[in-house]
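>>> no sequence on this one, just coordinates:
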C-alpha cells in the first residue's frame, strides 16, 4: 500500500505536469481567440502577450485538492473551503480577463469567497501576541475576511512583470511546506502548500523565460492570492506560530503593495486604475529588465525571510518580533525604490 508521503510526491508531480501542459494549451487558445494583453503607457511589457494562463494553476491545484480529499489526507471541510472559494474567484477572474467587470462586482465576489473560505475552516484561530494567546472573536473574523480580500487583490497588483507572482508563490509555499513538515500535526497543510507551489511552477515554465510567453491574468493571480491566504489561516488553526511565519514569507508582496496603496490613497488616486508605481516596477524601470527583479525577489524570500520564519515556527522568536525584523527592512527598501511614487523617487 502506498504511504502518505508517496501520495504527496506523486500528487505534486502530477500537478506540476498538468499545470505545465495546461498553460501551453491555454496559450494556444489565447492566441487563436485574441485573448491578449496589449501594452499601454502603464504596462511593464512591450509586446502583446496571451493572458489567462493562470487557469492552468486553478485546474491543477483543485484537482490535487480533490485527490487529497479522496485519499483522506485532508478532510471534507478543507476541500470545500478551498474548492468553493477558489472557484468563485477564478470564475470572476476569468470573466474579467475576457470582458472587464465593474470593481464593485469583483469586490462583492471577493468578499463572498473570503467568507466562504473562513466559514469552512472555522474562522480565525486564536492569535499568539507576545506570548499571550488571544481569541479575537467576530472582530478577528472580520479582519481575516478583509485580509483575505486584500491579499487576493494585492497579488493581482503585484503580478506585473515576468515570473514575479509565480516565483513568489513557489518560494513562499515551499518555505511554508518545510515549516509545516516540522510538526506531524501540520504536514497536511505542508502538502497543500506543495501542491500550490507545483501548480505555480508548472505555469512559471511558460511565464519566466524572458519575454514571458503567457501571463497569469486575473483568473490566476486572484486565485493564488486567495489560496495562499486560506492556507495561512488553515495552518494557523493548528499552530499559532504558522500565521506569523506565513505573513513573514509573503512580506515582499505585502509590504510593497500596502505601501503603494496608502501612498496612492494619500494622493486621492483611483486605486483600481492601472499604474506602474510599485517598488518592483520602479526597480524594473531602473534596471531595464524583468528577470533580475524577479530573481532578487525569490532570493529575498529564501535567504532572508525563510530563516526568520523558521525561527518563529520553532518558537525561538516571537511572531510579532519576527514580522518587524523582516517588514522594517522591506519597507525601507520599498521606500528607497519609491513605492507609490509616480517617478520612482523616495519622498
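Good, I have the coordinates. Because the structure is a prediction, the values reported are computed rather than measured.
>>> Please enumerate the helices of this structure.
4-32, 54-71, 76-98, 103-121, 137-158, 164-180, 187-207, 217-236, 240-249, 251-266, 279-287, 291-300, 306-313, 319-337 (DSSP state H).
>>> so which of these gets nearest residue 47?
Counting by C-beta to C-beta, residue 47 lies closest to helix 4-32 out of the helices of the chain; the figure is 12.5 Å. For every residue, glycine as well, the C-beta is placed using N, CA and C.
>>> What residues sit buried inside the closest one?
Of the residues in helix 4-32, those scored as buried under the neighbour-count criterion (16 or more other C-beta atoms under 10 Å) are 7-8, 11-12, 14-16, 18-20, 22-24, 26-27, 30.
>>> what's the angle from it to helix 187-207?
30 degrees (axes from the mean of the first three to the mean of the last three C-alpha atoms, to 10 degrees).
>>> Pick out the most distant pair among the buried residues of helix 4-32.
Farthest apart among the buried residues of helix 4-32 by C-beta to C-beta are 7 and 30. That separation is 33.5 Å.
>>> Identify the residues contacting the closest residue to residue 25 other than its chain neighbours.
Nearest-residue entry for residue 25: residue 56, 7.7 Å, with adjacent residues in sequence omitted and distances by C-beta to C-beta, 6 or more residues apart in numbering. Residue 56 sits next to 18, 19, 20, 21, 22, 23, 25, 26, 199, 202, 203, 220 when contact means C-beta atoms under 8 Å, 6 or more residues apart in numbering.
>>> and if you look at residue 117?
Neighbours of residue 117 in contact, by C-beta under 8 Å, 6+ apart: 81, 82, 84, 85, 148, 226, 229, 230, 233.
>>> Could you pull up the residues touching the fourth one?
To tie it back to what came earlier, the one meant is residue 85. With C-beta under 8 Å, 6+ apart, residue 85 has these contacts: 113, 114, 116, 117, 226, 230.
>>> Is it possible to get JSON lines of those that adds pLDDT and distance to residue 245?
Listed next are those as JSON lines, based on pLDDT from 0 to 100; distance: C-beta to C-beta, whole Å:
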{"residue": "113", "pLDDT": "98", "distance to residue 245": "24"}
{"residue": "114", "pLDDT": "98", "distance to residue 245": "21"}
{"residue": "116", "pLDDT": "98", "distance to residue 245": "25"}
{"residue": "117", "pLDDT": "98", "distance to residue 245": "19"}
{"residue": "226", "pLDDT": "98", "distance to residue 245": "19"}
{"residue": "230", "pLDDT": "98", "distance to residue 245": "16"}
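>>> Tell me the buried residues within the residues you listed.
113, 114, 116, 117, 226, 230.
>>> where does this protein have low pLDDT?
1, 40-46, 272, 343-347 (pLDDT under 70).
>>> Run a quick check on residue 94 versus residue 221, I expect a contact.
No - checked against C-beta atoms under 8 Å, the pair residue 94 and residue 221 is beyond contact range at 11.9 Å.
>>> Which one's more surrounded, these two?
Neighbour tally, residue 94 and residue 221, criterion other C-beta atoms under 10 Å: the higher count belongs to residue 221, 27 against 19.
>>> Could you check how far the residue nearest in space to the middle of the chain is from residue 255?
The geometric centre of the chain, computed from its C-alpha atoms, lies nearest to residue 225 (C-alpha atoms, centre = their mean), at 3.5 Å. Computed with C-beta to C-beta, to the nearest Å, the distance linking residue 225 and residue 255 is 15 Å.
>>> What does residue 315 show for phi and psi?
Here is the backbone geometry of residue 315 (degrees, to the nearest 10): phi 60, psi 30.
>>> Give the full set of residues in contact with the closest residue to it other than its chain neighbours.
In space, residue 315 comes closest to residue 241 once its chain neighbours are excluded; the distance is 6.0 Å by C-beta to C-beta, 6+ apart. Counting by C-beta under 8 Å, 6+ apart, residue 241 makes contact with 128, 312, 313, 314, 315, 319.
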